[in-house]
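Enquirer: structure for this input, please:
(one chain, ligands or ions: 1)
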Amino acid sequence: MSNYHIKSLEEYFQVYRKSIREPENFWEEIAEEHFLWRKKWNKVLSWDFSKPEVKWFEGAKLNITENCIDRHLATRGEKTAIIFEPNNPEASAEHITYNQLHERVCRMANVLKNEGVEKGDRVCIYLPMIPELAIALLACARIGAIHSVVFAGFSATALSTRINDSDCKIVITSDGSYRGSKTIDLKGIVDEAMENCPGVKKVLVVKRINSDIQMNDGRDAWLQPLLDGASTECLAEVMNAEDHLFILYTSGSTGKPKGMVHSTAGYMVYSAYTFKNVFQYRENDVYWCTADIGWITGHSYIVYGPLANGATTLMFEGVPHHPDFGRFWDIVDKHKVNQFYTAPTAIRALAKQGAEIVEKYDLSSLKVLGTVGEPINEEAWHWYNENIGKKKSPIVDTWWQTETGGIMITPIPFVTPTKPTYATLPFIGIQPSLMDESGNELKGNQVEGRLCIKFPWPSMARTIWGNHQRYKDTYFSTFENNYFTGDGALRDEVGYYRITGRVDDVIIVSGHNLGTAPIEDAINEHPAVAESAIVGFPHDVKGSALYGFVTLNDAGETRVHDNLRKEINQIISERIGAIAKLDKIQFTNGLPKTRSGKIMRRILRKIAEKDTSNLGDTSTLLNPECVQDIIDNAL
Ligand code: WT7
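Expert: Residues are numbered from 1 along each chain as shown. Next up, the predicted model:
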């Protein structure tokens, strides 16, 4: 009996138990019955968290694009694979069938091959949310190249750091992008990045906004003529189960971004299986995830998970507020969207606009609503439930991470009773644990601790590109024999999980994961700055916003502080991207430090949160006198 599609709570518990008691048998059945393999595995799982090393479906051979495209052609060739909704609401949407997707992926794959890209090479993709983005991912996978998508909101410096870290030889970009009423000069950003990327031999450019751009002789080429000249057939490279499929960078609390490496077979099986169940996708449904493919949500739940199930997945190029705040609901109405997956920050921004704007649209097609990226607050949950779901569509609050590859803790709609602000139960095969600070697992219910996962799952990241030691140190060294997520969580009286937020120096702003260290490094580059510390503070739309405490070299700095604030945010935009700009910048005479010189962020966090009644123990501070001064001048 197949357990591919869970339909009742009883079935969930039964399948969950099986997935924990006999994980190998369980995943073997799922893999065997629902995917296309060139060769089956010799061993389902081998693992050792102390190394750490995890292998799923070892010995198997496959190509993920045959699973996402080719195998559907006989039965779903004329079915829409991708609906592309452009930024301009007046422009018509594009419906790309599975047959057309096959042809376009093959053409792009052949272009890459003609450019000398080989199995195992890294390809950087820096594109807006246009069909070529999804096609570029699949084209890489077709020929066994490893894609590294960089979100097109990142700056030139962020882009070059990522290109160099994984040694990409080729970049796929566009002349520019549309964003609401604005255009962005993507190619200009790439040109700037290229000044620091001597390893890149070729930049392929999609024409999107018809802007007048500079093409660098020998290095740059327009993509369309190459696609036109390429064959529509491209044999899929036969890959090993553990061959790397992609690299995706995520912020760490310290140092440079971490290139999380995902491998092929396990990622495919898990992203597809979770997609089917978490969204209860049925043939002919239209599914829409509003994320950008530049994030893991887009990789797993716009591209791979949906396509592996032969689904229709919608890609939206624009923003929620263009031409007005009704755009999301207009799209749901227009394309009769059945499953809608977005982030709490978007829900809060839209809720602020009131319910009237929603009422203009027919949202009756909606069956399942999802959220991801940060904890959803009670108010936003209820607004979403009442105004969008009309209390009929269950909300799946899905907790997961770039590192986990797929959804880990989530309700299954129509199966798991939901509870506002709770991600509820672990998905099939997932074994969460909560740890106290001394590393003991907290057993039973009604406990709160650090969230870990104690058993491997198929889509877990296998390493950090070029730095396995960092992978081990970051995720497997805090708690023995456990993957540490960096999040805190509680388990209620019935065993439901609620994620309480990060317990490290990562701050989630509008659903974007930002490390404090890289932002501080950027600020400290300003010649007037001596040192800085960033903390998060609650924000009604963004969830958290950034508060910077900045000490200047010259306390008597005569320049106007507002100008300095602008300059600091300018540096942050250049080094990281506009998403990392600070909402508040307070100039301080000093920062509270421990005797060993470590900045006491705990105190700064309290000041930023305007909760200074109990600052905890400040007796170990080197310079306690600066604290009162910071409180008195807090913004
Ligand atoms: C961090 C991972 C996974 C896709 C998007 C983010 C936070 C994610 C939830 C949720 C509470 C959540 C966690 C996690 N997070 N989903 N449903 N409830 N927090 O991926 O950028 O790797 O960020 O996002 O803190 O660790 P990411």
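
Enquirer: can we go C-alpha only for contacts and neighbour counts from here?
Expert: Fine.

Enquirer: list the buried residues in the biggest helix by length in the chain.
Expert: Secondary structure of the chain read by DSSP state H shows that its longest helix is helix 98-114. Neighbour counts over helix 98-114 (16 or more other C-alpha atoms under 10 Å) mark 98-113 as buried.

Enquirer: cool, and stretch 533-545?
Expert: For stretch 533-545, burial by neighbour count (16+ other C-alpha under 10 Å) applies to 533, 534, 535, 536, 537, 541, 542, 543, 544, 545.

Enquirer: double-check that the fifth one belongs to a strand.
Expert: Yes - secondary structure of residue 537 (DSSP: H, G, I helix; E, B strand; the rest coil): part of a strand.

Enquirer: please enumerate residues in contact with the longest helix of the chain?
Expert: For helix 98-114, the surrounding residues in contact (C-alpha atoms under 8 Å, 6 or more residues apart in numbering) are 69-70, 72-73, 76-81, 135-136, 138-140, 142-143, 226-228, 230-234.

Enquirer: cutoff 7 Å now
Expert: Residues from elsewhere that reach helix 98-114 (C-alpha atoms under 7 Å, 6 or more residues apart in numbering): 69-70, 73, 76-81, 135-136, 138-140, 142-143, 226-227, 230-234.

Enquirer: ok, stretch 329-338 next?
Expert: Outside stretch 329-338, the residues that reach it (C-alpha under 7 Å, 6+ apart) are 285, 286, 287, 288, 358, 361, 362, 363, 365, 366, 367, 368.

Enquirer: ok, now with 10 Å
Expert: By C-alpha atoms under 10 Å, 6 or more residues apart in numbering, the residues outside stretch 329-338 that reach it are 83, 85, 89, 93, 279-282, 284-288, 312-314, 316, 320, 324, 327-328, 339-340, 357-369, 388, 393.

Enquirer: per-residue confidence for residue 558?
Expert: Residue 558 is assigned 58 on the pLDDT scale.

Enquirer: near the ligand, which residues of the stretch 301-450 of the chain?
Expert: 372, 373, 374, 375, 397, 398, 399, 400, 401, 402 (C-alpha under 6 Å from any ligand atom).

Enquirer: neighbours of the last one, just the number please.
Expert: Right, the one you point to is residue 402. Counted with other C-alpha atoms under 10 Å, residues neighbouring residue 402 total 23.

Enquirer: follow-up on the earlier one: report the buried members of the contacts of stretch 329-338.
Expert: 83, 85, 93, 279-281, 285-288, 312-314, 316, 320, 327-328, 339-340, 357-358, 361, 363-369, 388, 393.

Enquirer: just the ones of these in strands?
Expert: Residues from these lying in strands, with DSSP state E as the criterion: 83, 85, 286-288, 312-314, 316, 339-340, 368-369.

Enquirer: of these, closest to residue 416?
Expert: residue 368 (12.7 Å; C-alpha to C-alpha).

Enquirer: and the gap between the closest one and residue 213?
Expert: Distance, residue 368 to residue 213, by C-alpha to C-alpha, to the nearest Å: 43 Å.

Enquirer: likewise for residue 474?
Expert: For residue 474, the distance to residue 213 - C-alpha to C-alpha - is 42 Å.

Enquirer: more neighbours: those two, which one.
Expert: Neighbour totals were compared for residue 474 and residue 213, and residue 474 leads with 17 against 12 (other C-alpha under 10 Å).

Enquirer: pretty sure the more buried one sits against residue 403.
Expert: No - using C-alpha atoms under 10 Å, residue 474 makes no contact with residue 403, being 11.2 Å away.

Enquirer: identify the contacts common to these two.
Expert: 464, 485.

Enquirer: sec struct for residue 148, please.
Expert: strand.

Enquirer: specify the beta-bridge partners of it.
Expert: residue 124, residue 247 (DSSP bridges).

Enquirer: who's in contact with it?
Expert: Residues counted as contacts of residue 148 (C-alpha under 10 Å, 6+ apart) are 122-126, 137, 140, 162-163, 166, 168, 171, 245-249, 259-261, 294.

Enquirer: likewise residue 287?
Expert: When the contact criterion is C-alpha under 10 Å, 6+ apart, the partners of residue 287 are 82-83, 279, 281, 301-302, 306, 311-315, 332, 335-341, 366, 368.

Enquirer: and residue 635, how close does it get to residue 114?
Expert: With C-alpha to C-alpha as the criterion, residue 635 and residue 114 are 57 Å apart.

Enquirer: buried residues, stretch 515-531. List them.
Expert: Within stretch 515-531, the residues scored as buried using 16+ other C-alpha under 10 Å are 515-524, 526, 528-531.

Enquirer: and of those, the nearest to the ligand?
Expert: Minimum distance to the ligand across these is 10.5 Å, recorded for residue 515 (C-alpha to the nearest ligand atom).

Enquirer: for the ligand, what are the nearby residues on the protein?
Expert: 296-297, 372-375, 397-402, 487, 499, 501-502, 512-513.
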